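Asker: The sequence isn't on hand, but the structure is:
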């Protein structure tokens, strides 16, 4: 457990070291939801209806945007080779590492989503529902991005590869998280079910993805 | 059994006999299936002549999924037992599966226009087939991006196996997603309710498509092993030529 804690805090500290690092995904998210109304028009009804889905989608993109860094640097400088030798085991290690970076860089997303929901004209309660769904979705999103990042670690122009690998895997989370916000906005009782399913996918990903990431790392270390 | 045929020479012997047989059977089945579906079956009482698109569409969709299952199975065999032939099989199956997926999407779109009045409808099944195409593309992209052959093989196997879990959840979630909309006005063909005059051509076409896929897989797999063997011989010849000349700086 202390090993996991050490890895977790190392990632958090690394993310916060060197100025604006942790703000990257949050800034991307904020920029995306600021620009979206400029693209689809200022009609309040349209914005309120499309807002929850747009925000879940923007969150997915901002997680993808930082996926290349997740394992790329540690692969390039040999840290992963050392990690593979630790008695902790790669699955637990990758869980701590991925969640550490996720928590450090993605924690503002639910708050921005809450604010963004209100600015798009989504009523307060559905906005809260959307923010909760986003918080529930983040572990799954970051772990799936981590899986793609581990497979593509150190590949030149890995961004394209990560996008192709991770997007099909993120389909369920996107559907449920956006569904919670949308159903909440439409006053549908399925909002809570969607929120529960988002959390379920996240928990399932926490249980399975570390083994996938570990296998991916091992396959790349050869 | 896997170990037995993972010997390249034995596989080559088997493939040499299987390929022509599969080819002939496939051609016969295709001819019979096409004749049945376009001439020897009645038009549907509701859909008219457009029902004939079903006979080329449904088998393509079925092959798109079946080939992915085979690809994942081969990846599992490679991952556990490290038979390089299983990995080669997975590699050659990916483009074939992707082509069947594209074929399913195109024929589905052609069928959708007269039936639903639209080329594309975001309904659950079409969307999950589109996701399947993305999975195939990701698999091929990963294989071609990794230069080290062994790394590419192992990483691709991990991805292919993860894809199975993913596709099951995608199927379920996309159903849920489309039930949030109003239900699509899809004309459904539930297996047993389909009339036998339509079941026959469909069954023969499904067999023909299966034969075609198996034929292509065996053909590509044999070509791939032969190319590898040719490269090996070429390398050995180069090495021997260098050794007889006594060239300095030869690492071999």
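Answerer: Right, received. Where do you want to start? If you're wondering where the values come from, they're calculated on a predicted model, not measured in any experiment.
Asker: how about the residues of chain A near chain B?
Answerer: A:147, A:151-152, A:155, A:157-158, A:160-161, A:164-165, A:167-169, A:171-172, A:175-176, A:179, A:182-183, A:188, A:190, A:197, A:201, A:208, A:212, A:215-216, A:218-220, A:222 (CB under 8 Å from any CB of the partner chain). Any C-beta I mention is one placed from the backbone N, CA and C, and that applies to glycine too.
Asker: Are any of the residues you listed buried, and if so which?
Answerer: Burial by neighbour count, 16 or more other CB atoms under 10 Å in any protein chain shown: within the residues of chain A next to chain B this picks out A:147, A:151-152, A:155, A:158, A:161, A:164-165, A:167-169, A:171-172, A:175-176, A:179, A:182-183, A:188, A:190, A:197, A:201, A:212, A:215-216, A:218-220.
Asker: Minimum distance to chain A, which residue of the stretch 151-252 of chain B gives it?
Answerer: residue B:154 (3.4 Å; CB to the nearest CB).
Asker: Among the residues of chain A next to chain B, which are located in helices?
Answerer: Residues of the residues of chain A next to chain B located in helices (DSSP state H): A:147, A:151, A:158, A:160-161, A:164-165, A:167-169, A:171-172, A:175-176, A:179, A:182-183, A:190, A:197, A:201, A:208, A:212, A:215-216, A:218-220.
Asker: Name the surrounding residues that touch stretch A:120-131.
Answerer: A:33, A:37, A:44-45, A:47-48, A:50-52, A:54-56, A:110-111, A:113-114, A:117-118, A:180-181, A:184-185, A:191, A:195 (CB atoms under 8 Å, 6 or more residues apart in numbering or on different chains).
Asker: what's around residue A:193, how many residues?
Answerer: 15 (other CB atoms under 10 Å in any protein chain shown).
Asker: which ones are touching the closest residue to residue A:50 other than its chain neighbours?
Answerer: Closest residue to residue A:50 apart from its sequence neighbours, by CB to CB, 6 or more residues apart in numbering or on different chains: residue A:40 at 6.5 Å. Residues near residue A:40 by CB under 8 Å, 6+ apart: A:46, A:47, A:50.
Asker: got a list of what the first one touches?
Answerer: So the one you mean is residue A:46. Applying CB under 8 Å, 6+ apart, the residues near residue A:46 are residue A:40.
Asker: Does it belong to a helix, a strand or coil?
Answerer: helix (DSSP: H, G, I helix; E, B strand; the rest coil).
Asker: where's the residue lying farthest from the centre of chain A relative to residue A:50, distance?
Answerer: Distance from the C-alpha centroid of chain A peaks at residue A:43, with 29.2 Å (CA atoms, centre = their mean). To residue A:50, residue A:43 is 10 Å away according to CB to CB, to the nearest Å.
Asker: Closest residue of chain A to chain B?
Answerer: Counting by CB to the nearest CB, chain A gets nearest to chain B through residue A:219 (3.4 Å).
Asker: Report the contact partners of the residue nearest to that residue when sequence neighbours are not counted.
Answerer: The shortest distance from residue A:219 to any non-neighbouring residue, by CB to CB, 6+ apart, is to residue B:154 (3.4 Å). Applying CB under 8 Å, 6+ apart to residue B:154 gives the contacts A:218, A:219, A:220, A:222, B:79.
Asker: again, only using 10 Å
Answerer: Contact analysis of residue B:154 by CB atoms under 10 Å, 6 or more residues apart in numbering or on different chains lists A:151, A:215-216, A:218-222, B:75, B:78-79, B:82, B:87, B:146, B:148.
Asker: May I ask which helix or strand encompasses the residue of the stretch 151-252 of chain B closest to chain A?
Answerer: Using DSSP states H and E, residue B:154 sits within helix B:149-180.
Asker: helices and strands around the following helix or strand past that helix, which ones?
Answerer: Downstream of helix B:149-180, the next assigned helix or strand under DSSP H and E is helix B:196-245. Identification of packing neighbours for helix B:196-245 by 3 or more CB pairs under 10 Å, 6 or more residues apart in numbering or on different chains; DSSP states H and E yields helix B:8-38, helix B:51-81, helix B:84-116.
Asker: picking up where we left off before, measure the residue of chain A closest to chain B to residue B:82 for me?
Answerer: The value you get for residue A:219 to residue B:82, if CB to CB is used, is 12 Å.
Asker: and for these two, which residues touch both?
Answerer: Joint contacts of residue A:219 and residue B:82 (CB under 10 Å, 6+ apart) are B:150, B:153, B:154, B:157.
Asker: Can you add pLDDT and distance to residue B:121 and give those residues back as CSV?
Answerer: Below are those laid out as CSV (pLDDT from 0 to 100; distance: CB to CB, whole Å):
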residue, pLDDT, distance to residue B:121
B:150, 88, 43
B:153, 92, 38
B:154, 92, 39
B:157, 94, 35
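Asker: can you pull the contacts of the residue lying closest to residue A:158 once chain neighbours are set aside?
Answerer: Leaving out its chain neighbours, the residue that sits closest to residue A:158 by CB to CB, 6+ apart is residue A:152, at 4.0 Å. For residue A:152, the contact set (CB under 10 Å, 6+ apart) comprises A:67-68, A:70-72, A:75, A:158-166, A:216, A:220, B:138, B:141-142, B:145-146, B:155, B:159.
Asker: Pull the number of nearby residues for the spatially closest residue to residue A:182 that is not a sequence neighbour.
Answerer: Excluding the flanking residues, the one nearest residue A:182 by CB to CB, 6+ apart is residue A:52, at 4.9 Å. Other residues lying near residue A:52 total 31 when counted by other CB under 10 Å.
Asker: related to what we said a few turns ago, how about a markdown table for the contacts of residue A:40, with pLDDT added?
Answerer: Listed next are the contacts of residue A:40 as a markdown table, based on pLDDT from 0 to 100:
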| residue | pLDDT |
| --- | --- |
| A:46 | 89 |
| A:47 | 90 |
| A:50 | 89 |
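Asker: residues of the helix or strand harbouring residue B:138 that come out buried?
Answerer: Using DSSP H and E, residue B:138 falls within helix B:124-145. Residues of helix B:124-145 classed as buried by neighbour count (16+ other CB under 10 Å): B:124-143, B:145.
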